[in-house]
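Undergrad: need a 3D model of the following:
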Amino acid sequence: MSDLYTADKDETPTASGDGDGAQISAKNQSDVVDALVAEMNPANPTEETQYRTALNNSYSEIQALIPDFQFPDGLDVPIIPTVNIQVNVRVPFGIELALKGLPPYDISDVGEIKLIGAGIRKDLPIPILDVSAGVFYQSMSIGDVLVAKNIAVHAEVGKTLGIPGIKISPFIGAGMDKSTVDLSYTIAGGTLPGVEADKEMSFNMTGENQFRANVGLSLQIAVLHIQGEYSIGKYQAVALNLGVSFK
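TA: So this is what the prediction gives:
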């Protein structure tokens, strides 16, 4: 590809990125002919001249085999909002179990979306402050195209401020994330140079968002529980939790 094509820029945006897609087009005739002659590996100068003459004479046919290609523009998706249901259960010894997810649902032209996660958190016996640590795992799949998995180990430090009828708990925390994304899809034949038949593609990505810090505030009024949290790392995230507590 690099022997035959040139691009108008070095990078092209991902589906959720921003900017125009890169365009690749054939190099000028002399560069393409040089590349093809080198591939033919002529045995002597006379043979090289013959190859070069034949290629230049039939270059219009060769050029038709090196079509231009425009990569798609980025969709410019700065955030990806999601909604899920989570249930937390307190058990003895200061342990809290969590389970979250959504019933699978279909999106036309995309496929079935599934989301499930589970975690465990434990209170730590630290005087004065409220300290907890835990681990959480979640998996999201979109049709047969994408499977994203994440495991997070985290710890939080906070303090509950008791006001009659209201509990306010500011907190800060830190954690480590490990995430992977597996992608697989089909490139339709004829849409890419040199790809005549449908081609199955797949690859794996490991997330860069490893260390993160978070700050938040939890508010409980009677049985109503509201929690907001902002996470800072390679990527930023905002979470808002609304729930009801049963004791």
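Undergrad: show me what the helix or strand of the chain with the lowest mean pLDDT is packed against.
TA: The weakest-scoring helix or strand in the chain, judged by mean pLDDT, DSSP states H and E, is strand 199-206 (a mean of 78). Secondary-structure packing of strand 199-206 (3 or more C-beta pairs under 8 Å, 6 or more residues apart in numbering; DSSP states H and E): strand 166-187. For every residue, glycine as well, the C-beta is placed using N, CA and C.
Undergrad: how about the strand it packs on: buried residues?
TA: Ser169, Phe171, Gly173, Gly175, Asp177, Ser179 (16 or more other C-beta atoms under 10 Å).
Undergrad: and the gap between the first one and Glu61?
TA: The reference is to Ser169. The spacing between Ser169 and Glu61, counted by C-beta to C-beta, to the nearest Å, is 73 Å.
Undergrad: do the same with the last one
TA: Here the distance between Ser179 and Glu61 works out to 48 Å (C-beta to C-beta).
Undergrad: on that earlier part again, pipe the buried residues of strand 166-187 into TSV and attach pLDDT and distance to Phe69 per row.
TA: Below are the buried residues of strand 166-187 laid out as TSV (pLDDT from 0 to 100; distance: C-beta to C-beta, whole Å):
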residue	pLDDT	distance to Phe69
Ser169	93	55
Phe171	95	51
Gly173	95	46
Gly175	92	42
Asp177	88	36
Ser179	88	31
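Undergrad: now, the most widely separated pair of the residues you listed?
TA: Ser169 and Ser179 (27.8 Å; C-beta to C-beta).
Undergrad: what about this structure, any weak spots by pLDDT?
TA: Applying pLDDT under 70 to the chain flags the ranges 15-16, 75, 77-80, 109-110, 191-195, 209, 247.
Undergrad: quick check: closest non-adjacent residue to Glu229.
TA: Leaving out its chain neighbours, the residue that sits closest to Glu229 by C-beta to C-beta, 6 or more residues apart in numbering is Gly216, at 3.5 Å.
Undergrad: then Ala38?
TA: Nearest to Ala38 is Asp3, by C-beta to C-beta, 6+ apart, at 7.9 Å.
Undergrad: helix/strand/coil for the one you found?
TA: At Asp3 the chain is in coil, as set by DSSP: H, G, I helix; E, B strand; the rest coil.
Undergrad: give the contact list for it.
TA: Asp3 makes contact with Lys27, Val32, Ala35, Ala38, Glu39 under the criterion C-beta atoms under 8 Å, 6 or more residues apart in numbering.
Undergrad: beta partners for the spatially closest residue to Ala237 that is not a sequence neighbour?
TA: Counting by C-beta to C-beta, 6+ apart, Ser231 is the residue found nearest to Ala237 once chain neighbours are left out, at 4.4 Å. Taking DSSP bridges as the rule, Ser231 bridges to Asn214, Ala237.
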